[in-house]
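A.B. asks: Build the 3D model from these lines:
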Amino acid sequence: MSVRQNIEDVEFFGVGSYTVGEAARLIGTSALNISRWMKGYTFRREEVEHRITPLWSSQWPIIDNHLEIGFRDLIELRFVKAFTGAGVGLLAVRNCIEYARECVNDERPFSTRRFQTDGRTIFLEGIERSGETKLLDLKRRQYVFRQVIERTFKDLDVEDDAVARWRPFNGKQSIVIDPHRSFGQPIASKYGVPTVALAQAVEAEGSVEKVARLFDVSATAVRDAMKFEESLQSAA
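C.D. replies: Okay, the predicted model is just below:
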């Protein structure tokens, strides 16, 4: 049973809630990566066991070894996936996170307004601290900053001091991930209907127009939901 079904404390309202599988699907990586980044892992080398700690602790408490991920966690993981996908080693990412925490004074620094504005300086200093400067020359580091940080923030809405919502369908307003709505699941933003429900309904009914009538939404919203869900499948 999901943690979201068990915890009633109001302090978790607006946190968002994702299983490891859901988070992996949304950011386009493996469930194993999510688990290793958020729970840590052990490995043996020369008969000695080594423990790698999590990059940070989830917004949700771990109950019976079940990991549930919050919205801010999801955005941080999206950055981790983008950095590692661009060739930045996980040690460098870990050092960037630690240095960014000092600068931003936030446990999840990548999803803050400060990182949006000062991320270049923070990121480059984090690389310097990691000792990976020889592996990532200055030109490469500048490329990583431009392609990862600036691009990733383009479909994020920042309010107050942190990311408030994500527009995951090519930055379009029609689909949104908002931790204050539907536990942060992807929804047709104007109507609040989960995209997966619309896509599955079209598969069952065989008609976009019929589903639009059934859910009292526009046909455009149904088509966007279908395309979005298809994009998640193709990225898996």
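
A.B. asks: CA only for contacts and neighbour counts going forward, please
C.D. replies: Will do.

A.B. asks: Now do the helices in this structure.
C.D. replies: 20-27, 31-39, 71-85, 90-104, 113-130, 138-144, 151-153, 195-205, 208-215, 219-235 (DSSP state H).

A.B. asks: helices or strands next to the fourth one in the packing?
C.D. replies: What that stands for is helix 90-104. Other elements packing on helix 90-104 under the criterion 3 or more Cα pairs under 8 Å, 6 or more residues apart in numbering; DSSP states H and E are helix 71-85, helix 113-130.

A.B. asks: now that helix, how far from the chain's geometric center?
C.D. replies: Mean-position distance between helix 90-104 and its chain equals 17 Å (Cα atoms, centre = their mean, to the nearest Å).

A.B. asks: Can you report the mean pLDDT over the residues of that helix?
C.D. replies: For helix 90-104, the mean per-residue pLDDT is 89.

A.B. asks: and that helix with helix 113-130, angle?
C.D. replies: Here the directions of helix 90-104 and helix 113-130 differ by 130 degrees (axes from the mean of the first three to the mean of the last three Cα atoms, to 10 degrees).

A.B. asks: Would you mark the buried spots in helix 90-104?
C.D. replies: 90-101, 104 (16 or more other Cα atoms under 10 Å).

A.B. asks: hang on, the earlier thing: between the helices of the chain, which one is nearest to residue 57?
C.D. replies: Across the helices of the chain, residue 57 has its closest neighbour in helix 31-39 (6.6 Å, Cα to Cα).

A.B. asks: Show residues contacting that closest one.
C.D. replies: 20, 21, 23, 24, 53, 54, 55, 56, 57, 58, 67, 77 (Cα atoms under 8 Å, 6 or more residues apart in numbering).

A.B. asks: that older thread, deepest of the helices and strands packed on helix 90-104, which one?
C.D. replies: Burial of these is given as mean neighbour count (mean count of other Cα atoms under 10 Å); helix 71-85 ranks first at a mean of 22.

A.B. asks: Alpha carbons of that helix, as PDB, please.
C.D. replies: Extracted as PDB, the C-alpha positions of helix 71-85 are listed here (Å, rounded to 0.1, in the frame of the first residue of the first chain):
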ATOM      1  CA  PHE A  71       7.600  16.600  -5.800                       C
ATOM      2  CA  ARG A  72      10.800  18.400  -4.800                       C
ATOM      3  CA  ASP A  73      12.600  15.100  -4.800                       C
ATOM      4  CA  LEU A  74      11.300  14.400  -8.300                       C
ATOM      5  CA  ILE A  75      12.700  17.700  -9.600                       C
ATOM      6  CA  GLU A  76      16.100  17.100  -7.900                       C
ATOM      7  CA  LEU A  77      16.200  13.600  -9.500                       C
ATOM      8  CA  ARG A  78      15.400  15.100 -12.900                       C
ATOM      9  CA  PHE A  79      18.500  17.200 -12.500                       C
ATOM     10  CA  VAL A  80      20.600  14.300 -11.400                       C
ATOM     11  CA  LYS A  81      19.500  12.300 -14.400                       C
ATOM     12  CA  ALA A  82      20.200  15.200 -16.700                       C
ATOM     13  CA  PHE A  83      23.700  15.800 -15.200                       C
ATOM     14  CA  THR A  84      24.700  12.100 -15.300                       C
ATOM     15  CA  GLY A  85      23.300  11.800 -18.800                       C
END
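
A.B. asks: Use 884 as the first number for this chain going forward.
C.D. replies: OK, 884 is where the count begins now, so the last one is helix 954-968.

A.B. asks: contacting residues for residue 896?
C.D. replies: Residue 896 touches residue 1063, counting by Cα under 8 Å, 6+ apart.
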